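J.: Provided below for reference: sequence and predicted model.
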Amino acid sequence: MHKLQIQRDYNLKINNLKLTTKNKQSKMLKSSFKNVLNECSNSPSLCFYLSASVWMSVDSGALCYAELGTMITKSGGEYPYLMEAFGSIVGYLYSWTTVIVLKPSSFAIIALSFAEYTATPFYPGCTPPTVVIKCLAIASLLIIVAINCISVKLASYVQNFFTAAKLVIIVIIIVAGIVLLAQGNTQNLSNAFEGSTTSFGAIGLAFYNAQVNMVSEKNPKVNLPLAIIIGIPMVTVCYVLVNVAYFTVMTPSELLVSPAVAVTFGDRVLYPLSWIVPLFVAFSTFGAANGSCFTAGRLAFVSGREGHMVKILSYVSLRRYTPSPALIFNGILSFFYILPADINTLINYFSFAQWAFYGLTALSLIVMRFTRKELHRPVRVPIFIAALMVVVSCYLVLAPIIDQPELEYLYCTIFIFGGLILYYPFVHLKPRWARRIMRPITMHLQLFMEVVPPEDFEAEDPPESVKF
């Protein structure tokens, strides 16, 4: 007899490496590079240096995550580290902001990118209609949520296939760029620093558009450091080389107006096989959306288990051993984020919150060096690396606000700390009347979704490696 818990199949080192780099690879191919270039005043070289600097800072931060992930072997990304170092309130504010805004909006924008690359070949010479893009994005969202609800193993197979597709298209673009450079197509790089910005706020926003997410996985003491050491430097090099390839055939102005940069590159370089690019980029973004859904569901699951979200989110499918309530909840929120005309603004304004939590996570490593000395640390990084990450995060949080203060930053801050209004009565006090209201709702949702609390149900024949 075993307790029913989440099925976990991401147990191979290659899967850990793929999960570590899933979102990073996709950002090479999506439109976020245009946002970086725009904030750099159309300066290619400054854009390259900033992009490489971001990845270097990510590598430094990833070393902090390597120590934290091998010291606290729990799922949920930054959530368990913040809980352990700073207590329940900070952990709650992180889960409140990330589960409600950051994760679903990220899932939505990746789904929109998939839809854009899928629709663009069918509308040559013009931008696809917004309604088509949104319908495709919603369809992809539904498919991905269904895949993750059905089986962790199926989600793993999907991730493996689409990660391979990402690598194929990245290699094609890099090789094509090298050939073009060898042929002398360097005119767009000859005055690469022309028009470079000196605005600290703009540079901070450029960093925002290149930011990445870290995830946790199985057997972290062995696999997490290896995945970080191999994955992030590899992606750093590929990121810069892909962007150099773009500039061999496009000026900064052309790149900024292109609805799909990789598709434009394929049309100019790979004709008559240009259809390969949108196909493989669509594969890439679909895989990134799948990975985003996977990690978002785990965070919502852990938050529900800790009592920081409604308890139903911590329940597990009786038949599938997947956190289907958490996955469906994330999918519903992502659906509503797809509906507005533009969610890039939302991403920009809430990114300062993401970097604030990155900084707090690095600070948690420093704090636990003194408060939790008894914890075993298979990986131990120099403390100055964590301090450097804290300083970089403070800059990325404060520089855009100081350079260009806007009310939207205040609104985001109010939203984040506004979560405390719900924390005190519903998390700290846990009134009986709230439990009486939620009990029948939870019961009906359990019956409808066929889910149970993982710690209360015992299965006769559970799958191997059932603990996430």
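T.: Received it, and whenever you're ready, just let me know what you need.
J.: where are the low-confidence patches of the stretch 351-468 of the chain?
T.: 455-468 (pLDDT under 70).
J.: do a quick rundown of the strands in the protein.
T.: For the chain, the strands defined by DSSP state E cover 2-3, 316-317, 451-452, 458-459.
J.: what's the third one in contact with?
T.: Pointing back at strand 451-452 there. 4, 312, 315-318, 324-325, 445-446 (CB atoms under 8 Å, 6 or more residues apart in numbering). Glycine gets a C-beta too; all of them are placed from N, C-alpha and C.
J.: do that again at 7 Å, thanks
T.: Outside strand 451-452, the residues that touch it by CB atoms under 7 Å, 6 or more residues apart in numbering are 4, 315-318, 324-325, 446.
J.: ok, which pair from those residues is furthest apart?
T.: Pairwise distances among those were taken by CB to CB; the largest, 14.2 Å, belongs to Leu4 and Pro325.
J.: tell me which of the two has more neighbours.
T.: Pro325 (26 against 20; other CB atoms under 10 Å).
J.: show me the contacts for that one.
T.: 312-313, 315, 449, 451.
J.: quick one: buried ones out of those residues?
T.: 312-313, 315, 449, 451 (16 or more other CB atoms under 10 Å).
J.: closest one of the residues you listed to Val261?
T.: Leu313 (37.0 Å).
J.: hmm, that closest one is touching Arg298, no?
T.: No - Leu313 lies out of contact with Arg298 (CB atoms under 7 Å); the separation is 10.8 Å.
J.: so how far is Val391 from Pro405?
T.: Using CB to CB, to the nearest Å, we find Pro405 at a distance of 21 Å from Val391.
J.: er, Leu141 I mean
T.: The spacing between Leu141 and Val391, counted by CB to CB, is 37 Å.
J.: cool, and Val316?
T.: Distance from Val316 to Val391, by CB to CB: 41 Å.
J.: ok, the two, which is more surrounded?
T.: Val316 (25 against 12).
J.: how about the helices of the stretch 201-350 of the chain, start to end?
T.: Taking DSSP state H, counting those that start in this stretch as the criterion, the stretch 201-350 of the chain contains helices spanning 220-247, 252-257, 261-269, 276-305, 324-338, 344-371.
J.: how about those in CSV, adding distance to Ile174?
T.: As requested, the helices of the stretch 201-350 of the chain are arranged in CSV below (distance: least, CB to CB, whole Å):
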stretch, distance to Ile174
helix 220-247, 5
helix 252-257, 17
helix 261-269, 11
helix 276-305, 13
helix 324-338, 31
helix 344-371, 27
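J.: right, so of these, which gets closest to Val145?
T.: Val145 lies closest to helix 324-338 among the helices of the stretch 201-350 of the chain, at 3.9 Å (CB to CB).
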